[in-house]
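[1] Here is a sequence with its predicted model. Questions after.
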Amino acid sequence: MMRKFLSYCSMAGFIVLTSCEACNEPETEVNSEISWANDVTVFETALLTAVNLEVRLNSANTREVSVEYATIEGSATAGEDFVESSGSLVFAPGETAKTISIPILSDDYLEPDESFQVELKNAINGYIKVGEPMANVSLRNDDTNIFISDEGYEASTSYDGMSLTWADEFDGEAINPANWTYDLGSGNGGWGNNELQSYSNSSNNSFVGDGKLFIVAEKVGENAYASARLKSLGLKEFQYGRIDVRAMLPKGQGVWPAIWMLGANYPDVGWPACGEIDIMELLGHLPGTVHGTAHWGADWPSWTHQGATSSIYPEHFDEEFHLFSIEWEQDQINFLRDDQVYFTITPSMMQGQPYPFNNPFFFILNVAVGGNWPGNPDESSEFPVFMAVDYVRVYQ
C-alpha cells in the first residue's frame, strides 16, 4: 500500500516539476505581418490638402516593430500633384496601427484622374505581407468643382436703344430646363461631320458651378468620347438684337467648341435652309483663332457659307474669358470678338440663294471631338477638356 502511495507521489512530483519548468521558459516572440489597411481614392478639389493611409500589424508584438515607406510616381507627379514623402513608422510594443499622411497639391483645373503609390520596405521585427508592398492612391478630378479665374474681357451691361430681353447667368445649382434641352447620341454620320463624340445629358459632361456653365468632353474608350450639346429649341428663340456670350474655350488637336444658332424652323425645313449662325467656333490645334461663319442654301446641294477669323496670337482662348457677339438686324449680321467687328453677312452675299437670317433662331452650345474640319485627336491630345460659359445675354 505504501509503495503505491509513493508511486503516486513520484508521479505527482514529476508533473508539478514539469509544470514549473514550463513556467520559466522564455515566451515565444511574435513576428508580425505588416500590411496596408486599403488603397485610397479621393476627389481632387481645392479643399483637399492630404491623404491618409493606415498601416497595420496583424497582431500585437512585445518588441518594437519598424518599417520604412516612400512615395512612387505614377500618372501623378511629385511636386505637381503630391509632395514626395518618405520616412519610418515605429510601432511601440502592443501597437497595431499607424497612419501616414501624404500632402496633396490640388489643381484648380480639369485634368484626367491620376494615381501614385506608397511602398513599404525594410521591416524590422516584422515582415511585409507577401505580394502587397504597395498602396495605391487615386486622385479623381471632381468634375463638378472646376475653379477658374474670372479674368478676361467683360461685356457692357447696356447698349443704346436696347434693353436686356433675356439672359442665362448660370448662377443656379443646375442647368435651367426652362432654357436648355439636349441633343443626344452620335447623330447621323457623326452629326454630319464624322465627329467621334456621343452627346449625353450626364452631369459628367454638362453642369453649372461657380456661376458658369461647363461643357466637358472626355475620353471614355479607345477612339470613343463623351460630351454635351445644349440647345434652346422650343424654349428660347430670338429674332434680331445684340447677343453676347462670354466664354473660355478648350484647346487640343481634335477639339471643336462652338457657340452657334440654327433657324427655329429647322424641324420643318431642315439644314441648310433654316440657316446657321456660328457666333464662335474654334479648332483646338489653333487655340488662338476663332471663326465666325454664316451657312445657308435652299437645300443640301445648294449649301454655301462665308465667314472670317479673329486671332489673339500668341495668346490662347483657354487662358481667360473672351466675349463672342453678334449685332443682328434685318438684312445684316455683324460678328464681333471682344467688341471688335471682324465679319458681316448681308443678302448681297447669298449667291442667288434665299437669305434665311430674318427669322427666329435658337442657341446651341457644344464641344465636339474629331470630324472632317478639326481632324481627330492624336497622341498630343489631352482629355478631359471643357468650355466654360459665363453668360448668354440677348438685348433687343
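    Done, it's in.
[2] Setting aside sequence neighbours, what's the nearest residue to Gln239?
    Ranked by C-beta to C-beta, 6 or more residues apart in numbering and with sequence neighbours excluded, the top spatial neighbour of Gln239 is Pro360, at 4.4 Å. Backbone N, C-alpha and C define where each C-beta goes, glycine included.
[3] count of neighbours near that neighbour?
    When counting by other C-beta atoms under 10 Å, one arrives at 12 neighbours for Pro360.
[4] Next one: Leu262 from Met280, what distance?
    Using C-beta to C-beta, to the nearest Å, Leu262 is found at 15 Å from Met280.
[5] try Asn58
    Distance from Asn58 to Met280, by C-beta to C-beta: 61 Å.
[6] Quick check on Leu262 and Met280: which one has the bigger neighbour count.
    The residue with more neighbours, out of Leu262 and Met280, is Met280; 26 against 22, by other C-beta under 10 Å.
[7] May I have the beta-bridge partners of Gly185?
    Beta bridges link Gly185 to Tyr199, judged by DSSP bridges.
[8] Quick check: it touching Asn201?
    No. Counting by C-beta atoms under 8 Å, Gly185 stays clear of Asn201, with 10.6 Å between them.
[9] neighbour-wise, which of the two wins?
    Asn201 (16 against 12).
[10] Can you name the residues that contact Leu184?
    199-201 (C-beta atoms under 8 Å, 6 or more residues apart in numbering).
[11] Same check on Val389?
    Going by C-beta under 8 Å, 6+ apart, Val389 touches 170, 212-215, 245-247, 259, 365.
[12] what do you get if the cut-off is 7 Å, keeping everything else the same?
    Listed by C-beta atoms under 7 Å, 6 or more residues apart in numbering, the contact set of Val389 reads 170, 212-213, 245, 247, 365.
[13] how near is it to Lys231?
    To Lys231, Val389 is 13 Å away according to C-beta to C-beta.
[14] Name the spans of this structure whose pLDDT lies under the cut-off.
    Within the chain, the ranges that satisfy pLDDT under 70 run 1-29, 45-46, 107-111, 142-147.
[15] Now with 90, please.
    Applying pLDDT under 90 to the chain flags the ranges 1-31, 37-49, 80-81, 105-114, 131-132, 138-149, 173, 203-204, 209-210, 222-223.
[16] Let me know how buried Phe238 is, in neighbour terms.
    18.
[17] Would you check that it makes contact with Arg393?
    No. Using C-beta atoms under 7 Å, Phe238 is not in contact with Arg393, being 11.0 Å away.
[18] Quick one: the strands in the stretch 101-250 of the chain, in order.
    Along the stretch 101-250 of the chain, counting by DSSP state E, counting those that start in this stretch, strands occupy 114-124, 126-128, 134-141, 164-168, 181-183, 197-199, 206-209, 212-221, 224-227, 229-231, 237-238, 241-248.
[19] now for those, which one comes closest to Thr346?
    Closest of the strands of the stretch 101-250 of the chain to Thr346 is strand 241-248, at 17.2 Å (criterion: C-beta to C-beta).
[20] Quick check: which helices or strands does that closest one pack against?
    strand 322-329, strand 385-395 (3 or more C-beta pairs under 7 Å, 6 or more residues apart in numbering; DSSP states H and E).
[21] quick one: strands adjacent to the longest one?
    Paired with strand 385-395 in the same sheet, following DSSP bridges, are strand 164-168 (antiparallel), strand 212-221 (antiparallel), strand 241-248 (antiparallel).
[22] Give the buried residues for the first one.
    Residues of strand 164-168 classed as buried by neighbour count (16 or more other C-beta atoms under 10 Å): Asp168.
[23] Run through who's touching that strand.
    So strand 164-168 is contacted by 176, 179, 236, 241, 391-396 (C-beta under 7 Å, 6+ apart).
[24] now with 6 Å?
    Here strand 164-168 makes contact (C-beta atoms under 6 Å, 6 or more residues apart in numbering) with 179, 392-396.
[25] With distance to Pro384 and neighbour count added, can I get those residues in JSON lines?
    Shown next, in JSON lines, are the contacts of strand 164-168 (distance: C-beta to C-beta, whole Å; neighbours: other C-beta atoms under 10 Å):
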{"residue": "Asn179", "distance to Pro384": "24", "neighbour count": "16"}
{"residue": "Val392", "distance to Pro384": "23", "neighbour count": "24"}
{"residue": "Arg393", "distance to Pro384": "27", "neighbour count": "21"}
{"residue": "Val394", "distance to Pro384": "30", "neighbour count": "20"}
{"residue": "Tyr395", "distance to Pro384": "33", "neighbour count": "21"}
{"residue": "Gln396", "distance to Pro384": "36", "neighbour count": "16"}
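[26] between the residues you listed, which is closest to Tyr153?
    Among those, and counting by C-beta to C-beta, the member closest to Tyr153 is Arg393, at 13.9 Å.
[27] how far away is that closest one from Gln340?
    Separation of Arg393 from Gln340 (C-beta to C-beta): 18 Å.
[28] related to what we said a few turns ago, next, the contact list for the residue nearest to Gln239, please.
    Counting by C-beta under 6 Å, 6+ apart, Pro360 has contacts 237, 239, 264.
[29] Quick check: phi and psi at it.
    Here is the backbone geometry of Pro360 (degrees, to the nearest 10): phi -70, psi 150.
[30] State the distance from it to Gly307.
    Going from Pro360 to Gly307 by C-beta to C-beta gives 22 Å.
[31] likewise Phe238?
    Phe238 sits 21 Å away from Gly307, going by C-beta to C-beta.
[32] again, but for Asn58
    Counting by C-beta to C-beta - Asn58 and Gly307 are separated by 69 Å.
[33] And for Phe362?
    Phe362 is 20 Å from Gly307, by C-beta to C-beta.
[34] now swap in Glu132 and tell me
    Distance, Glu132 to Gly307, using C-beta to C-beta: 60 Å.
[35] Look at the two and report which has more neighbours.
    The neighbour count for Glu132 versus Gly307, taken as other C-beta under 10 Å, is higher for Gly307 (15 against 12).
[36] Tell me if I'm right that the more buried one and Val290 touch.
    No. Using C-beta atoms under 6 Å as the test, Gly307 is too far from Val290 to be in contact (10.3 Å).
[37] ok, Ile259 - contacts?
    Taking C-beta under 6 Å, 6+ apart as the criterion, Ile259 is in contact with 245, 279-280, 324, 365.
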